[in-house]
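Visitor: Next comes the sequence, and after it the predicted model I'd like to discuss.
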Amino acid sequence: MSQIETFYEVMRSQGITRRSFMKYCSLTAAALGLGPAFVPKIAHAMETKPRTPVIWVHGLECTCCSESFIRSAHPLAKDVVLSMISLDYDDTLMAAAGHAAEAALQDTIDKYKGNYILAVEGNPPLNEDGMYCIVGGKPFVDQLRHAAEHAKAIISWGACASYGCVQAAKPNPTRATPVHKVITDKPIIKVPGCPPIAEVMTGVITYMLTFDRMPELDRQGRPAMFYSQRIHDKCYRRPHFDAGQFVEHWDDENARKGYCLYKMGCKGPTTYNACSTVRWNEGVSFPIQSGHGCIGCSEDGFWDQGSFYNRVTDLTQFGVEANADKIGMAAAGVVGGGIALHAAVSALKSAQKKTQSSKEEV
Amino acid sequence: MVIQTPNGYTLDNGGQRVVIDPVTRIEGHMRCEVNVNDENIITNAVSTGTMWRGLEVILKGRDPRDAWAFTERICGVCTGTHALTSVRAVEDALGIQIPDNANSIRNMMQLALQMHDHIVHFYHLHALDWVNPINALKADPKATSELQQAVSPSHPLSSPGYFRDVQNRLKKFVESGQLGLFKNGYWDNPAYLLPPEADLMATTHYLEALDLQKEIVKIHTIFGGKNPHPNWLVGGVPCPINIDGVGSVGAINMERLNMVQSIIQQTQDFNRNVYIPDVKAIGGFYKNWLYGGGLSSQACLAYGDIPEHANDFSPEQLHLPRGAIINGDLTQVHDVDPRDPEQVQEFVDHSWYTYGEPGKGLHPWDGVTEPKYELGPNAKGTRTDIKELDEAAKYSWIKAPRWRGHAMEVGPLARYVVGYAKGHEDIKGQVDGLLRDMGLPLEAVFSTLGRTAARALESEYCGRLTQHFFDKLINNIRNGDQSTANIEKWDPSTWPKEARGVGMTEAPRGALGHWIKIEDGRIDNYQCVVPTTWNGSPRDTAGNIGAFEASLMNTRVERPEEPVEVLRTLHSFDPCLACSTHVMSPDGDELANVKVR
């Protein structure tokens, strides 16, 4: 094997000047919300490190995470795959198949023990001895355990790997199980969403390559940099919410004016994700901007929280107030203010519920 | 043992058994086993779906207006097409008429998906069956530039320097020893026929297509808020139009429409200047490799799609054709009725399900799905470590759908065969033109290469249709119609106590149908019969083999242990396994049983 090439060498070999390289490092620092002091650190890391091997396995899923990943605009997916990581196994994109593919997996594990990242898209079903998802004639859960054993860290891509997602919705016929319930002895980063935003996915990977460490995680194991605030907190339609201006029916005058979608069932008030800031597909839009409420796809169990068109307050999860709607209305008496207030109460209760449930999990 | 199938194949499971698991560069999980004789000819093929998720049972009892979001998650590659099928099924059940603008917007989203899916399929899932990126290192960039300018004079990225840069990048990548996605490819297999210059050109376009595909989907982002998995709405589309009034910056306005127009143009340029010329150029080197036709000359099925007018699904109003061809008779195109219990039926004798008694076929309205995972007596290995399957018994998580008892091929080639047989002007023009340019007879379309070429032609045709519906939307807005949703029946209290409906689309991979039954405002039953269920189906009761299996028969492979040819033909269908598998309960209960009223 010839000498492993560093990230910096790859960039230089593509005709990128030292000056452009440093500019790239500055942009990376800015994109990650870091000050200029971090630029030399990023540069140093990129000058000295070989491309990190990544093994990307697929369980029960729909491949939307892979599709999202290749939508990344900064960095471009081709640059990630050619220059930043070494994607040594990914059954969706790799050239080899069958025995040759399995050999590529084993080679990577043997050669880079403890030094590769395991990316998991989808989850293992545990019913029927795991045979609802078969890879190489064996249950997918075997492949997952095998690849996890020597991984440096695991990334759980999307709602499937993080929480179970649609196949784990009630009654979860296959017993589809999130990765952290099967692999308990490795650091796991959850990057939820159905799918996660492309630049969030590449942002998490480049963060790990750049700083050679795990990003700061919240209680649920999500990167705080992308999942610490609710969509509602940064929604550009928030002023309409606060002013009590709501869409009442699809395609009504208020919808055309871009009023708040809260009454149409928007789950922005209880959903932690970066959609309203990073936005989707190179910042073109996000669900609320295009007229449909958030369905809460980055939250645990979002499939089983009632209809996507039920108002958040109609959910039973808000604790002692059987109907937060009434309390909000009674307290404020005025329509606009009432809704704002009960929404605030609801959000608070929801946040409490989250804290409790994450404690229970631990 | 030698078996004759009713649909005309001689299967011989003697000789060497070759197992491919996982089949890679597909959506989902799949296994394939073939028998190869001493002359390296495939004499038996076994296609197995190796995953099951159970979405249809999960849908039971849910709000029908939510079903699009669940079914959309059947597949993130053909994202949106299940959602469209679902809202159509619900609207059909409840008698909801959508506005014209919603029809135009939905069509543009569906067509954008067709183009995106076809381009990503060809360059990122299929190309490595024909193109050898390692061989591209030997290319002369100047000669590559000449080749590029010869096959596509209008494509601006064609200078020797451009190809040299790409080649240098590739060279560094390969020399690093970290081959990534190209690791363990079959790069010295004689099945690869391209000269280095064509390999370099195509590898370059692999990267260009990767950049382009993220642009195409912005049509989904504009109208649906995100991609993958944009948002849809029963009764229309969720995005309101506000072209010049107060708040138009928060709706579909001129800026948004301009972006859509620019994406249509960019994609169509790629279709015309890169995709079709590449298929012709690569196809030119492989035109003596005309294996893989399978059922395409015998039995093709298309439901049709892209209605010109909102709510009118009559065959003459659909831009993508509807019809069925059987027994190889292209002079007769049969109409297709998804409500007819005699037409679409599913069989499970060779699938890991049971109907209680053998030999039954059930229409989706009567769909029963009860699991029965078991390996046949001649299988090798154990139930959790399968070495070889026994295809005389049950061997797949995919059911076997049949149209009037016939195994059918669906997908771009099936659509084009049906369209050609019906005398569809645009389709006939494209096909005749391509055959003329390549100096090939009509029979050549019934092949792996034909399937791949039909997809490219269809991408270009879809580009024209997208422009058509963009113009139609603009025209409608000009005439004062800004409506995008019909909410008359949004409230479930307006619904009948019981209702049932069917939604049909042409997904990128072929005919897709959803059957729904609603009771008391909730989903009582939901069944999907999807393209890869048709194409990837196992044998049925009568012993007919499905489209994947038929297409592999009699193919010569260079090296049985390096199954390039098998992958090439399987990939030409663009298999989607997450879509194709059915529903069952954890404890074996009968979950889905709908009686026809």
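Guide: Thanks, I have it. Residues are numbered from 1 along each chain as shown, chains lettered A, B, ... in the order given.
Visitor: Can you give me the neighbour number for the residue in the stretch 251-400 of chain B that chain A sits nearest to?
Guide: Closest residue of the stretch 251-400 of chain B to chain A, CB to the nearest CB: B:Ile386 (3.8 Å). Heads up, the C-betas are built off the backbone N, CA and C, glycines and all. Using other CB atoms under 10 Å in any protein chain shown, B:Ile386 has 24 other residues around it.
Visitor: Wasn't it part of a strand?
Guide: Yes - counting by DSSP: H, G, I helix; E, B strand; the rest coil, B:Ile386 is found in a strand.
Visitor: beta partners for it?
Guide: B:Gly381 (DSSP bridges).
Visitor: That one and A:Pro124, how far apart?
Guide: 17 Å (CB to CB, to the nearest Å).
Visitor: cool, B:Phe270 as well?
Guide: Taking CB to CB, one finds B:Phe270 at 38 Å from A:Pro124.
Visitor: Give me the more crowded residue out of the two.
Guide: A:Pro124 (28 against 24).
Visitor: Okay, strands next: where are they in chain A?
Guide: A:52-58, A:85-90, A:116-121, A:134-135, A:138-139, A:151-157, A:188-191 (DSSP state E).
Visitor: Kindly reformat those strands as JSON lines containing distance to chain B and mean pLDDT.
Guide: Formatted as JSON lines, the strands of chain A follow (distance: least, CB to the nearest CB, whole Å; pLDDT from 0 to 100):
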{"stretch": "strand A:52-58", "distance to chain B": "7", "mean pLDDT": "96"}
{"stretch": "strand A:85-90", "distance to chain B": "4", "mean pLDDT": "95"}
{"stretch": "strand A:116-121", "distance to chain B": "10", "mean pLDDT": "98"}
{"stretch": "strand A:134-135", "distance to chain B": "4", "mean pLDDT": "96"}
{"stretch": "strand A:138-139", "distance to chain B": "5", "mean pLDDT": "97"}
{"stretch": "strand A:151-157", "distance to chain B": "11", "mean pLDDT": "97"}
{"stretch": "strand A:188-191", "distance to chain B": "15", "mean pLDDT": "98"}
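Visitor: Kindly reformat the ones you listed as a markdown table containing mean neighbour count.
Guide: Shown next, in a markdown table, are those (neighbours: other CB atoms under 10 Å in any protein chain shown):
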| stretch | mean neighbour count |
| --- | --- |
| strand A:52-58 | 24 |
| strand A:85-90 | 26 |
| strand A:116-121 | 26 |
| strand A:134-135 | 24 |
| strand A:138-139 | 21 |
| strand A:151-157 | 24 |
| strand A:188-191 | 25 |
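Visitor: pull the helix or strand with minimum mean pLDDT from chain A.
Guide: Least confident element among the helices and strands of chain A, by mean pLDDT, DSSP states H and E: helix A:324-332 (a mean of 39).
Visitor: what's around B:Ala499, how many residues?
Guide: 18.
Visitor: Could you do A:Lys78 as well?
Guide: Count around A:Lys78 with other CB under 10 Å applied: 17.
Visitor: Give me the buried positions along stretch B:515-534.
Guide: B:515-518, B:521, B:523-534 (16 or more other CB atoms under 10 Å in any protein chain shown).
Visitor: One more: stretch B:479-487?
Guide: For stretch B:479-487, by 16+ other CB under 10 Å, it's B:Gln482, B:Ser483, B:Thr484, B:Ala485, B:Asn486, B:Ile487.
Visitor: That one near chain A at all?
Guide: Yes - residues of stretch B:479-487 are located near chain A by CB under 8 Å from any CB of the partner chain, namely B:Gln482, B:Ser483, B:Thr484, B:Ala485, B:Ile487.
Visitor: No more questions from me, cheers.
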